[in-house]
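# coords please:
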Amino acid sequence: MWLLCHRLDRVGLLVMVLSYLCGAECVLARSLVTWGGWRGAGEGPAIYDANDVVAVAYNWPINLQLRADGSLGGDFLAPDGNDYVAIAGGVWHNLALRSDGSIVGWRSWISSMVTMAWYGQEVPPDGNDFVAIAAGGIHSLALKTNGAIVGWGGDVDRGLGGIHDGRTTPPDGNDFVAIAAGGTHSLALRLDGLIAGWGGNYYGQATPPDGNDFVAVVAGAHHSLALRADGSIVGWGSDYYGQATPPGGRGFVAIAAGLGHSLALKNDGSIVGWGADYLGQATPPVGNDFVVIGACLDTSYALTRGPCEYTLVGDVNGDCRVNAEDLELLMENWLVDCGLFPDDPACNRRWGGEVEGVR
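Next comes the predicted model:
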């Protein structure tokens, strides 16, 4: 994470702002939780050990994992090496970003089981000046250190008579800081908080709303979501299942979009879902220890927080970071005696794996 942020050069300031607003942090996961998809409705979530995992990119039915040592796991076709800093999963292919700024790509396991046309979406351009990657249906995007975007793969929409929709042809400019690749469309976030969209737009999924207060964007199959700086969410594009109509309110810190459903992570560590739920994909598990969310087709997944690697002075609530929530707890409970009230939230601090009172 440090290396990736360090390489962002001119957009590093925005990354720090996003990290503050969205609660981004470097933590080890405890478990990978998946629901929906092949498990079907009513089966409940599947929980896997993920003690050394820092990121997941789901490529149905295999999940690609980025480990803390920089190696890749989950997908047995993933390349060797321990210098990876980011991953992205498309419908038929995967991408991985190396610490030297170069990109590697490969076909997914399921793609070897079906017959389809290939468009080179798994063959990234040469170069070592990339800082972010995104994988869509049959196309890919990459963000460069100078803030420009490159695209490759296919832009043919066979469902609309084979027209070329331009999803691999990003707009000009060098002020982009984030990218997202959907089923047939692409999105990018500019340094000033504006969103750009291009590619397939028959549901309006590539026509973002006005405003310059956006801090994150995601692209689903035919719908899009964006997170505002105030913690609220806006959606657009196909809304057949209600997937583009997010819940109201603020306090959201991350978003994800799948085939016909959407997810959002709240600042209390819980997840909400909406849209298509025929396989239970929009019904997340109960809990407030989630730190990462994602969606691929009709599958949903999340990482739960692992143990704190360090003990932080001022971390009152034991969530591995010091922020305004700790300050609020201290202000509300500054006269609490943990000897008399050990169950008070201000007393739940971890030292060496044990919960001890903070007085």
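
# Now do stretch 270-289, average pLDDT.
The predicted model assigns stretch 270-289 a mean pLDDT of 95.

# Okay, buried residues for it please.
Using 16 or more other Cβ atoms under 10 Å as the burial criterion, the residues of stretch 270-289 that qualify are 270-277, 279-285. Every C-beta, even on glycine, is put in place using the N, C-alpha and C of the backbone.

# Give me the subset of those residues lying in strands.
For these, the ones inside strands are 271-275, with DSSP state E as the criterion.

# so which of the buried residues of stretch 270-289 would you say is closest to His185?
The closest of the buried residues of stretch 270-289 to His185 turns out to be Gly275 (Cβ to Cβ; 17.2 Å).

# I'd guessed the closest one sits against Gly242; true?
Yes: the pair Gly275 / Gly242 is scored as a contact, 5.3 Å apart, by Cβ atoms under 8 Å.

# Please look at Ser31 and Ile47 and confirm they touch.
Yes: using Cβ under 8 Å, Ser31 makes contact with Ile47 at a distance of 5.2 Å.

# the more surrounded of these two?
A direct count of neighbours by other Cβ atoms under 10 Å for Ser31 and Ile47 places Ser31 higher, at 19 against 14.

# any idea which helix or strand comes after the helix or strand containing the more buried one?
Element membership for Ser31, per DSSP states H and E: strand 29-36. Where DSSP H and E defines the elements, the next helix or strand beyond strand 29-36 is strand 46-49.

# which helices and strands does the helix or strand following that following strand pack with?
Per DSSP H and E, the first helix or strand lying C-terminal to strand 46-49 is strand 53-59. Counting contacts by 3 or more Cβ pairs under 8 Å, 6 or more residues apart in numbering; DSSP states H and E, strand 53-59 packs against strand 29-36, strand 62-67, strand 84-89, strand 93-98, strand 290-296, strand 299-305.

# that older thread, dump the ones in strands among the buried residues of stretch 270-289 into TSV; add distance to Trp118 as well.
Converted to TSV, those look like this (distance: Cβ to Cβ, whole Å):
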residue	distance to Trp118
Ile271	35
Val272	37
Gly273	33
Trp274	34
Gly275	30
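
# returning to what we had before: give me the residues contacting the strand holding Ser31.
Strand 29-36 is contacted from outside by 44-51, 53-54, 56, 58, 63, 65, 261, 279-285, 289-292, 298-307, using Cβ atoms under 8 Å, 6 or more residues apart in numbering.
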